[in-house]
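Asks: With the sequence up front, the predicted model follows.
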Amino acid sequence: MEITEREPLLKVTGLVKHFPITQGLLRRQVGTVRAVDGIDFTVLPGETLGIVGESGCGKSTTVRLIVRLLEPTGGRIEFEGRDITHLSRGAMRPLRKDIQPIFQDPYSSLNPRHTVGTIVGAPFRLQKVETEHGVKDAVQELLELCGLSPEHYNRYPHEFSGGQRQRIGVARALALQPKMIVADEPVSALDVSIQAQVINLLDDLQKELGLTYVIVAHDLSVIRHVSDKVAVMYLGKVVEIGGRDSLYAGPMHPYTVALMSAIPVPDPRRRVKRERIVLTGEVPSPANPPPACRFHTRCWKAQKICRQLEPPLRELKPGHFVACHFPENLPASAEADSGAADRGPGARLREEGGGARGGWAPPHPGWCRTPRAGRDEGAALITRAGRSRHALCHRLVWN
Amino acid sequence: MRRKSHKRQPPVASVNSTETRSRPEPASFLDVRELRIHFDTDDGLLRAVDGVSFELEQGRTLGIVGESGSGKTVTSLGIMGLHRSRRARISGEIWLDGEELLSAAPERIRQLRGQKMAMVFQDPMSALHPFYTVGAQITEAYQAHHPKTDRRTARDRAVEMLNRVGIPRADQRVDDYPHQFSGGMRQRALIAMALINDPSLLIADEPTTALDVTVQAQILDLIRDLQQEFGSAVILITHDLGVVAELAHDILVMYAGKCVEKGPATKLFTAPEHPYTWGLLGSMPRVDRAPQERLLSIPGNPPSLIRLPQGCAFHPRCPFADRNGEKSFTEVPELTGASDPGHQVACHLPPEERRRIFAHDVAPRL
Ligand SMILES: Nc1ncnc2c1ncn2[C@@H]1O[C@H](COP(=O)(O)OP(=O)(O)O)[C@@H](O)[C@H]1O
Ligand SMILES: Nc1ncnc2c1ncn2[C@@H]1O[C@H](COP(=O)(O)OP(=O)(O)O)[C@@H](O)[C@H]1O
Ligand code: SF4
Ligand code: SF4
Ligand SMILES: [Mg+2]
Ligand SMILES: [Mg+2]
C-alpha cells in the first residue's frame, strides 16, 4: 500500500443536498429529494477520483456542490484545507479559477453566438486576469494544447464536431490554470472513437500540468481507465470507495458487484462463460429512499438488519471503504474484525472454486428469488447468459 | 417514391455481389443486396448508405456497428420501408423470406411492418405517443394486424406481452401513460409492442444507448431470451462494441455508408483486419484486461457523406494509408474475402500485412 501523507486538495465531509418538492401556487413544500445525503471523500493533489452510479444517484449534484453552483444543505467542503462550504459569491471568486467544471453536453454548454475565441477567453475577462501577450495569444496556445488549431479562434461552435466542442470546453476550463477540474460525464455524449481522443487528452493534460480531477461517469469502463480512486454512489450515498485496482479486482458492496457484472465486455467468447447478477427494478426515488441500507430493496443478500440499521462506511481493506453488513470479497483478516459472523448467514458465504471474473461470491440458492409481481423493486436474479438463471447457485456451500 | 434502380453504377462490384445479383432466388431469410440510400440535399447528394449487402438467417443476430452518421439507422429504416421522403433515392434489393421489398407495393410493406418485421428505436419516448396509454398503443399494434380480435382479447394480449418483457404489475401498468414509465420500462414496452405480432425480423436500433448499465443488461438478456423463444432474426444496431459482443453472431462494421468489414463475431473481435475496426476496438477502455496505458483511438472525425474523400473514405484517419503507394488515395477498396470463410474486409493492405500489423502493433495495445 502506498503511503500518502500529502494533504488532500479536496475534502468533503458529510455533504448533503436536499431539494424541496413544492406543490401548488404557493409552492408549499410537500417533500424532499435527498439528492446527496451525507457523503465523505478526499482527493489528493494530482489524483483522479472517479464517481460512478446509475442515473439519479446524485453524481451531478455532487459535482455542482463541489464547484459551488449549488448551496449545500449540510456538511463541509474544504479546498486546500480551507472551508469553502458557504463562501459568498465574492469570496468564492478567486477560488473559481482553481476549480473548473467541464460538463457533459458539449452542444449546450457553449454559447452558439460566441466565437471560440470569446468562449475560451471569457474566464480571463471575467476573472480580470492579465496575460503576458494578450488574451488572444493565450487562447490560441490553449487551443493548441487541446488538439485544436489556432485558426479556430474566430469560428463558432456549430462548425465543430462533438469531440472538438468538448475540446473547446476543456480549453476553457484550463484557461486560468486551475488546480482541479471537475468533469460531469465529459465523454458520455461522444462516439467511442472520439471519447478515446478526449480521454487521452485529459490524461496528457494531467501529466503535463499536474491537474487533479474529479470525473463523473456512468460508464464503469471509462471510470476504471481514468481513475486512481473510485467512489460508487447509490441514492445519494457513497456505498463503496477505494483504490481503482482494489475496487475493480474485488468489489465488496453488492451494488458494485452487480454493476460490474453488468458491464458489457467486448469479447464474444466470454459471453458463454459469463455469469451475471442482474438487478431487477430500477433505482427507487430519492424523494422516498428505502430506510436503513438504501440498497436493500434490490439486494439479494438483504437480511432483517439491512432494513433496520444503516451500515456505516467502514475500511475493510487498506484505503477501501464499504457500507454493507454483508460485504462480498472480504479479505480473510477483515472478516474476523468485521463482526459479520454474528450477523447472519450471508456474511459467511464463500464461493467454491472462484468466480469467472473478480471472484465475487454469488448467493445461496435460497436467495435466488424471482421478482415478485406487485413490486417494482425485486430481488436480484443470478443469470448465466443464455442458461438457467439458477445454475450458478449450485457452486455454493455454507462455510 | 421508391426507385427500383439507380443510374449510378456501383463503384465496386465484388465477386460476391455479382454472384448474388445473378442469383434470382435468395437463399437467406433476409438478403440485402447492394443497398444504396442517397438523399438529395441542398448541399448535394448525400450517400448515407452506399452499396451495403448482408444476409441473415432466423434465430441469428447481426450486429451493425460504426460511429454516428455512418448510415446504420438509414439502413434499418430502409429495410422497414420507412424512407418516404421524395428526396430519398433507394436502390438495390431487399429480400425478406423470398419477397423483394423495394419493388413491393406500399400496402404490402405496411402489412409486413409490425407483423413480419418490427423495429425498436433508441429513444422510446419519441416512439410512444404521449397522449395515449401504453396499453392502448400496444393493443392498437396488435389489432392493426388482427382486425377480427376484439379489444378485450387484444388488451389481454398486451398485458401478457408486458408481463413477458418484465413489467411488474402489468395488468395495472398497462393503463399508464408513457411518462409514468421509467426509461428502462419504456424500452421494455416498446419491445413488447414490437414483438406482439411475433415478427420474424426484429431490428433494434441502439436499444440500450440511453439506459444505465444495469438496465442495459436486463434489456440485452430480454432480447436474447425472446430471440431464443421466438427464433426471430435480429439486427442489433449500436456504436458500443461491448453490446454487440454480448448478442451478435455476426458483425458488420460500417464506415461512411459502406461496409468495411464483416464476419463472425468471434473473428471480428479476435482477428479484425480493417484499420477502422482496430481503431474502434482500441478506443474502448476494457475492464476485462489490465488497464491500458493509453487508448488507441482514431484521429480526426468521420467525413462528410456529401464530399467523401477520394479512394478509401477512411484514408484521412488511417495510419496505414501510405503503405499502399497511391492506392488508398485513389481507389475505393472492394470488400473481399479475408483469411476465414465469411470474413470480408475492404482494405488495400495485403492480407498478410494486415495480420502482421494486427498481431504486432494493435493486439498488444488492446
Ligand atoms: N434542481 C433540482 N431540483 C430538484 N431535484 C433535483 C434537482 N437536481 C437534481 N435533482 C434530483 O436529484 C437526484 C439526483 O440527481 P443527479 O445529481 O442529477 O443524479 P445523477 O447525476 O447521478 O444522474 C435526482 O432524483 C434528481 O431528479
Ligand atoms: N432524411 C434524411 N435526409 C438527408 N440526410 C439524412 C436523412 N436521414 C439521415 N441522413 C443523413 O444520413 C447519414 C447517416 O445517418 P444515420 O443512418 O442516422 O447514422 P447512424 O445511425 O449510423 O448514426 C447522416 O449524415 C444523416 O445526417
Ligand atoms: S447486504 Fe444488506 S447492507 Fe449490504 S447492500 Fe445488501 S441490503 Fe445493504
Ligand atoms: S485502404 Fe488504405 S486507407 Fe483504407 S483502411 Fe486500408 S490502409 Fe487504410
Ligand atoms: Mg448526471
Ligand atoms: Mg442511428
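Replies: That came through fine. Residues are numbered from 1 along each chain as shown, chains lettered A, B, ... in the order given. Ligands and ions are numbered 1, 2, ... in the order given.

Asks: which regions of the stretch 1-150 of chain B sit below the pLDDT cut-off?
Replies: The stretch 1-150 of chain B contains residues with pLDDT under 70 at B:1-25.

Asks: now do 50
Replies: Counting by pLDDT under 50, the stretch 1-150 of chain B contains low-confidence ranges at B:1-22.

Asks: Just give the nearest non-adjacent residue to residue B:34, would you?
Replies: Setting aside the residues directly before and after it, residue B:34 is nearest to residue B:92 in space (CB to CB, 6 or more residues apart in numbering or on different chains), at 4.3 Å. The way it works is simple: take the backbone N, C-alpha and C, and place the C-beta from them, glycine included.

Asks: For that neighbour, grab phi and psi.
Replies: phi 110, psi -160 (degrees, to the nearest 10).

Asks: what's near enough to touch it?
Replies: B:6, B:32-36, B:51-53, B:102 (CB atoms under 8 Å, 6 or more residues apart in numbering or on different chains).

Asks: now do 7 Å
Replies: Counting by CB atoms under 7 Å, 6 or more residues apart in numbering or on different chains, residue B:92 makes contact with B:33-36, B:102.

Asks: in the sheet, who's paired with the nearest residue to residue B:117 once chain neighbours are set aside?
Replies: Distance criterion CB to CB, 6+ apart; nearest residue to residue B:117, sequence neighbours excluded, is residue B:201 at 4.1 Å. With DSSP bridges as the criterion, residue B:201 is bridged to residue B:117, residue B:233.

Asks: how many neighbours does residue B:201 have?
Replies: 21 (other CB atoms under 10 Å in any protein chain shown).

Asks: Select the longest helix from the chain.
Replies: You didn't say which chain, so I picked chain A. helix A:192-209 (DSSP state H).

Asks: my question was about chain B
Replies: helix B:213-230.

Asks: about what we covered before: which of the contacts of residue B:92 tops the neighbour count?
Replies: Most surrounded of these: other CB under 10 Å gives residue B:35, at 24 neighbours.

Asks: Where does that one sit: helix, strand or coil?
Replies: Following DSSP: H, G, I helix; E, B strand; the rest coil, the label given to residue B:35 is strand.

Asks: what about it, distance to residue A:332?
Replies: 60 Å (CB to CB, to the nearest Å).

Asks: now do residue A:164
Replies: For residue A:164 relative to residue A:332 (CB to CB), the value is 51 Å.

Asks: Which of the two has more residues huddled nearby?
Replies: Set residue A:164 next to residue A:332 and count neighbours by other CB under 10 Å: residue A:164 wins out with 23 against 6.

Asks: was I right about that one contacting residue A:148?
Replies: Yes - in this structure, residue A:164 is within contact of residue A:148 by CB atoms under 7 Å, at 6.5 Å.

Asks: Tell me who's in contact with the closest residue to ligand 2 within the stretch 51-200 of chain A.
Replies: Nearest residue of the stretch 51-200 of chain A to ligand 2: residue A:191, at 8.8 Å (CB to the nearest ligand atom). Listed by CB under 7 Å, 6+ apart, the contact partners of residue A:191 are B:67-68, B:239.

Asks: Got a quick ChimeraX command for the buried subset of those?
Replies: A single ChimeraX command selects the buried members of those (16 or more other CB atoms under 10 Å in any protein chain shown):
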select /B:67,239
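
Asks: Switch the contacts of residue A:191 over to TSV; also include secondary structure and distance to ligand 5.
Replies: TSV is the format used below for the contacts of residue A:191 (DSSP: H, G, I helix; E, B strand; the rest coil; distance: CB to the ion, whole Å):
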residue	secondary structure	distance to ligand 5
B:67	coil	24
B:68	coil	21
B:239	coil	20
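
Asks: among the contacts of residue A:191, which are in reach of chain A?
Replies: Restricting the contacts of residue A:191 to those within reach of chain A (CB under 7 Å from any CB of the partner chain) leaves B:67-68, B:239.

Asks: Of these, which ones also sit close to ligand 1?
Replies: When contact is defined as CB under 6 Å from any ligand atom, those do not meet ligand 1 at all.

Asks: between the residues you listed, which is nearest residue B:225?
Replies: Closest approach to residue B:225 among the ones next to chain A among the contacts of residue A:191 (CB to CB): residue B:239, at 23.8 Å.

Asks: okay but the closest one is in contact with residue B:65, surely?
Replies: Yes - when contacts are counted by CB under 7 Å, residue B:239 is listed as touching residue B:65 (6.4 Å).

Asks: all strands for the stretch 1-150 of chain A, in order.
Replies: A:10-23, A:28-43, A:48-52, A:74-79, A:82-83, A:99-102 (DSSP state E, counting those that start in this stretch).

Asks: Relative to residue B:257, which of these is closest?
Replies: strand A:99-102 (32.7 Å).

Asks: Please list all residues in contact with the residue nearest to residue B:117.
Replies: Residue B:201 neighbours (CB under 7 Å, 6+ apart): B:30, B:96, B:116-117, B:232-233.

Asks: top of those residues by neighbour count?
Replies: Going by other CB under 10 Å, residue B:117 tops the contacts of residue B:201 with 26 neighbours.

Asks: how about it, what does it touch?
Replies: With CB under 7 Å, 6+ apart, residue B:117 has these contacts: B:80, B:96, B:199, B:201.

Asks: Next one: the nearest residue to residue B:170 once chain neighbours are set aside from ligand 3, what distance?
Replies: If the residues on either side of it in the chain are set aside, residue B:170 comes closest to residue B:162, at 3.8 Å by CB to CB, 6+ apart. The gap separating residue B:162 from ligand 3 is 28 Å, by CB to the nearest ligand atom, to the nearest Å.

Asks: Could you do residue B:49 as well?
Replies: On the measure of CB to the nearest ligand atom, residue B:49 and ligand 3 end up 48 Å apart.
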